[in-house]
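Asker: Generate coordinates for the sequence data below:
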Amino acid sequence: MQKAINKFCGFLEQIQLRQQSGTTEADMVAEAKRMYHVIQKKHFTFDTCWDILHRSCKWDEFRTQSKKSTQHAYPCSNPPTGESDAFQSNQNNVLHEEPSNPSTRPIGTKAAKEKLKNQTTHDSRFDEMAANQSKLVEVLSTISARTIERDEQKAIDRNQKAAERRRRAKDREEQLKLLSMMNEREQRNEDHKIMSMDMTNLNPMQRAYYEDLQRQILFRTTNRLP
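Answerer: All right, here's what the predicted structure looks like:
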C-alpha cells in the first residue's frame, strides 16, 4: 500500500508541475490515476488513504514546499521523468524524438554541477515526501488497529454483561424455587396441625370453623395429586 501511494503521489506531483490554466484538483487526480494505470498496469485502489493524506495540513504544507522547490530547480521546463514520458507515449502512441544538433556545445562543468545539485534537491524532496507519506500511512494503520482493538473489547464487554445477566436470572430462578419449596413445606405443616386437631373441647362454632378448614385442605390436596 505504501509503495502504491508513493507512486501515485509522484505521478500527481509531475502533473501539478505542468498544471495548465483551468485544470482543477479533481482533474489532476484523475490524470494521475490514468498515468498510474498506464505505467503500473493496474488501477490505483487506495483512494480512501489518499483522501485522508491529502486533507492533512502537514501534507498540504509539504506539497507546497516541494512544488516551489521543484519549480525553482526547473524554472524553464518540466523535470525529466521517464515514467511521465512513458505515459505520454502510451497516450499518443507516438515517439517524439528531438532532432540531433551536431553543433550543440557540450555542457560546462559549472552547469553540470548545478544540474546535479538541482536533481539532488528534487530527489531529496521526493524522498522527504515519501517519508512523510510513510508516517501518515503508519498513523492510519495504528488508528485502524486501535479501532479493531476497541471493537473487540466492546464485544468482550457485551458478552460479559450478557453472561452476568444470565447468571443473575438463574440465581433469581433458584431463589424463587427455594422460596416456593419453603412456603410449601410450611403450608404442609400448618395443614397437618389442622387435620390432626382434637376438636373434643371446641364449641360448635369453633368445630364448624376447623371442619371447614379441613375440607379446604382435603380439596386442595386432592386436586394437587396427579
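Asker: Please work out how many residues are found near residue 37.
Answerer: Residues within reach of residue 37, counting by other C-beta atoms under 10 Å, total 14. Bear in mind the C-beta positions are built from the backbone N, C-alpha and C, glycine included.
Asker: now the one 10 residues further on
Answerer: For residue 47, the count of nearby residues is 12 (other C-beta under 10 Å).
Asker: Equivalent analysis for residue 222, please.
Answerer: Around residue 222 there are 8 other residues, counting by other C-beta under 10 Å.
Asker: Helix or strand: which one has it?
Answerer: Using DSSP states H and E, residue 222 falls within helix 204-224.
Asker: Now do the same contact list for residue 5.
Answerer: By C-beta atoms under 8 Å, 6 or more residues apart in numbering, residue 5 lies in contact with 46, 49, 50, 53, 133, 137.
Asker: can you do 7 Å?
Answerer: Residues in contact with residue 5 (C-beta atoms under 7 Å, 6 or more residues apart in numbering) are 46, 49, 50, 133, 137.
Asker: Residue 39 versus that one, what's the distance?
Answerer: For residue 5, the distance to residue 39 (C-beta to C-beta, to the nearest Å) stands at 15 Å.
Asker: Give me the contact list for the helix holding residue 222.
Answerer: The set of residues external to helix 204-224 that reach it, using C-beta under 7 Å, 6+ apart, is 191, 194, 195, 197, 199, 202.
Asker: now that helix, how far from the centre of its chain.
Answerer: How far helix 204-224 lies from its chain's middle: 73 Å, per C-alpha atoms, centre = their mean, to the nearest Å.
Asker: for stretch 14-31, same thing?
Answerer: Mean-position distance between stretch 14-31 and its chain equals 31 Å (C-alpha atoms, centre = their mean).
Asker: What residues of it count as buried?
Answerer: Residues 14, 15, 16, 17, 28, 29, 31 are the ones in stretch 14-31 that count as buried (16 or more other C-beta atoms under 10 Å).
Asker: ok, which stretches of this protein are helices?
Answerer: 2-17, 25-40, 47-54, 57-73, 82-92, 109-195, 204-224 (DSSP state H).
Asker: Spit out the contact partners of residue 31.
Answerer: Contact partners of residue 31, counting by C-beta under 7 Å, 6+ apart, are residue 15.
Asker: what pLDDT does it get?
Answerer: You'll see residue 31 listed with a pLDDT of 88.
Asker: about what we covered before: and the angle from the helix holding residue 222 to helix 109-195?
Answerer: For helix 204-224 against helix 109-195, the angle by axes from the mean of the first three to the mean of the last three C-alpha atoms, to 10 degrees is 130 degrees.
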